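*Asks:* coords please:
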Amino acid sequence: MIGIDAGATKTAAVSGAPDGRILERVRLGPSAVVGLPDARALGVLNDVVDRLAPRRDSIEQIVIGLSGVDFADEQPEQWRMIASALNVPRDRLLLVNDSVVALAGAADRDRATLVQHGTEVTMAWRARTGGEAVFDSVGIADCFDVRLKVVAVVARMLDGRLPVTPLRDQVLAHCGVSAADFPRWMVREPSARETMLRVAPVVFGAWQDGDPAAARLVEQAIDDYVGATVAMAARMGAGPFQACFGGGALAQGGAPLIAGIDARLKAIRPDAVVSAPVASPEEGALTLARHAARASLASS
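*Replies:* Sure, this is the predicted structure:
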């Protein structure tokens, strides 16, 4: 069985035996889609499966958590095209949004939510194992990202709309630019976005040093993480649930950030149990593959 987490920055996959043993791992480039999969995405996915299972008749089940599986009217054709490209029967392939496999890996309790903030934000919830659902899959509600929001804060310090704090010079040093050159650099430098996606440790470090501008950013992020979690938990109704928080951007805040999230969340939902993800998204996809295989066996 094969589990695949196919996203905008990487495609991670794992093969496993029915008894739970992990057999092999593969990590390749991005394969996210917008609408129908293109040749590049199909090529990456096919390469992953070739490496894990050169003989297609050895595959019992594949689950792919694919970034871009967002709309019900697109999913049948996405599913057909991927099954055809991989040369596997459609009844042995389950195609879901990448948030679904992330939650399946993150949680070890039936009732659970996930906010995972890496390069992008992934959110999902479930009232039972196997019943995972995506929350704001296309991201139009936005999730507060200190890496992106700090750009406006620094710009406002530079033009006088905000008082200057040490955060300004720390961000400029991270970017390797002068105050005068920051606006041009943000607009014209091709590497600016990638550089800003690595700025989270600067913001969190300034926050822990007591910088008031960084503190406002982090407080807003905590409010948004907690707000999303409370909204997802409301869909499950009353009762204890596991609230998972993970991803590289969030992890860079360390234990103080998780402690802040935990305190804010429990003030609203004292039945929440905050935890880090227990397994990777690709391992979550493998868990769903085993679940689908058992369900298929039971129905036959």
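
*Asks:* wait, what's in contact with Gly130?
*Replies:* Leu288, His291 (C-beta atoms under 8 Å, 6 or more residues apart in numbering). The way it works is simple: take the backbone N, C-alpha and C, and place the C-beta from them, glycine included.

*Asks:* what helix or strand does Ala267 sit in?
*Replies:* Secondary structure from DSSP states H and E places Ala267 in helix 254-268.

*Asks:* ok, now how distant is Phe135 from Ala32?
*Replies:* Taken as C-beta to C-beta, to the nearest Å, the spacing of Phe135 relative to Ala32 amounts to 18 Å.

*Asks:* do Ser99 as well
*Replies:* Taken as C-beta to C-beta, the span from Ser99 to Ala32 is 12 Å.

*Asks:* Of those two, which one has the most company?
*Replies:* Ser99 (26 against 19; other C-beta atoms under 10 Å).

*Asks:* Using the three-state scheme, assign the more buried one.
*Replies:* The assignment at Ser99 comes out as helix when based on DSSP: H, G, I helix; E, B strand; the rest coil.

*Asks:* Ile140 now?
*Replies:* Assigned state for Ile140: coil (three-state reduction, three-state DSSP).

*Asks:* so what does whichever strand or helix holds Ala295 touch, helix or strand wise?
*Replies:* Secondary structure assigned from DSSP H and E places Ala295 in helix 281-299. For helix 281-299, the packing partners by 3 or more C-beta pairs under 8 Å, 6 or more residues apart in numbering; DSSP states H and E come out as strand 2-6, strand 11-16, strand 22-28, strand 62-66, strand 93-97, helix 98-106.

*Asks:* want to try TSV for the ones you listed, with distance to Val274 and mean pLDDT as columns?
*Replies:* Written out in TSV, the entries for the helices and strands packed on helix 281-299 read as follows (distance: least, C-beta to C-beta, whole Å; pLDDT from 0 to 100):
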stretch	distance to Val274	mean pLDDT
strand 2-6	23	97
strand 11-16	25	96
strand 22-28	27	96
strand 62-66	23	96
strand 93-97	24	95
helix 98-106	12	95
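
*Asks:* and the gap between the residue nearest to Arg264 when sequence neighbours are not counted and Gln220?
*Replies:* Counting by C-beta to C-beta, 6 or more residues apart in numbering, Val226 is the residue found nearest to Arg264 once chain neighbours are left out, at 4.7 Å. Between Val226 and Gln220 the distance, using C-beta to C-beta, works out to 11 Å.

*Asks:* So which of the two has more stuff around it?
*Replies:* Val226 (24 against 13).

*Asks:* any idea which element that one lies in?
*Replies:* Using DSSP H and E, the secondary-structure element containing Val226 is helix 212-236.

*Asks:* Going by neighbour count, list what's buried in stretch 260-267.
*Replies:* Gly260, Ile261, Asp262, Arg264, Leu265 (16 or more other C-beta atoms under 10 Å).

*Asks:* part of a strand, is Leu42?
*Replies:* No. Under the criterion used here (three-state DSSP), Leu42 is helix, not part of a strand.

*Asks:* What about it, how many residues nearby?
*Replies:* Quick note: Leu42 (other C-beta under 10 Å) scores 18 neighbours.

*Asks:* quick one: it and Met81 touch, right?
*Replies:* Yes. Leu42 is in contact with Met81 according to C-beta atoms under 8 Å; the separation is 7.0 Å.

*Asks:* Now the terminal residues of stretch 187-205, how far apart.
*Replies:* End-to-end distance for stretch 187-205: 26 Å, by C-alpha to C-alpha, to the nearest Å.
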